[in-house]
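Colleague: Got a predicted model here, sequence first, then my questions.
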Amino acid sequence: MVTPKRDRDARPFQFEFDQLWEIYPRKKDRAAAQRAAIALLRAGVPFADLLAATQIYAVERAGQDETFTKHAKTFYEQNGAWRECFVTLNHIKEDRETDANERFSHEELEAEMRAEFVMNSNTSGTPS
């Protein structure tokens with residue numbers, strides 16, 4: 001059986017996408033999300049950057065109404081919301097005065113993001 005070209009091309013990044021999908025907060029249209037995320041990886045976006053952005057977004061959306069959570073396809077578009085998450089990550093890193101070699105564990109990142117999200121929600125004038 002001949003494998004369609006689109007399926008063959010996706011395989012090199014399947015493991016990476018599976019990790020992203022596992023933590024992404026809204027499970028809608030996996031195939032479209034996979035195509036968008038793999039396009040970013042092929043374009044040279046480091047997997048670690050996408051993983052960090054996905055973790056940040058998952059923490060931001062935890063406990064929120066899924067209706068307002070972006071579909072993964074939209075999040076992973078070339079100029080999608082995944083880019084916005086780095087502003088938050090860089091802000092946290094600056095606040096902690098970390099050096100370039102320090103890495104956040106998933107638990108530390110989640111705790112920092114929850115605190116940042118709560119602080120921003122309370123100061124933005126919008127209901128929590």
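Modeller: Received, thanks. All values reported here derive from a predicted model rather than from experimental measurement.
Colleague: From here on, just use CA atoms for contacts and neighbour counts.
Modeller: Fine.
Colleague: how about low-confidence regions in the protein?
Modeller: Per-residue confidence for the chain (pLDDT under 70) gives these ranges: 1-10, 86-107, 117-118, 120-128.
Colleague: Mind doing that once more with 80?
Modeller: Applying pLDDT under 80 to the chain flags residues 1-11, 85-128.
Colleague: where exactly do the helices run in it?
Modeller: 5-10, 14-23, 30-42, 47-61, 72-75, 85-96, 106-123 (DSSP state H).
Colleague: quick one: His71 from Arg26, how far?
Modeller: When distances are taken as Cα to Cα, to the nearest Å, His71 and Arg26 turn out to be 6 Å apart.
Colleague: same check, this time on Glu60
Modeller: Following Cα to Cα, the distance that separates Glu60 from Arg26 is 12 Å.
Colleague: Then Phe75?
Modeller: Separation of Phe75 from Arg26 (Cα to Cα) stands at 10 Å.
Colleague: Please say which of those two ends up with more neighbours.
Modeller: Phe75 (22 against 18; other Cα atoms under 10 Å).
Colleague: Would you mind confirming that the more buried one is in contact with Trp82?
Modeller: Yes. In this structure Phe75 lies within contact range of Trp82 using Cα atoms under 8 Å: 5.7 Å.
Colleague: Next up, the contacts around Glu116.
Modeller: Under the criterion of Cα atoms under 8 Å, 6 or more residues apart in numbering, Glu116 has no contact partners.
Colleague: What's the separation between it and Ala81?
Modeller: Relative to Ala81, Glu116 is positioned 17 Å away (Cα to Cα).
Colleague: which residue packs closest to Tyr57, ignoring adjacent ones?
Modeller: Ranked by Cα to Cα, 6 or more residues apart in numbering and with sequence neighbours excluded, the top spatial neighbour of Tyr57 is Cys85, at 6.9 Å.
Colleague: just Pro25 next, same as before
Modeller: Nearest non-adjacent residue to Pro25, counting by Cα to Cα, 6+ apart: Ala58, 5.2 Å away.
Colleague: OK, contacts around the one you found?
Modeller: Taking Cα under 8 Å, 6+ apart as the test, what Ala58 contacts is Ile23, Tyr24, Pro25.
Colleague: With that, I have no additional questions.
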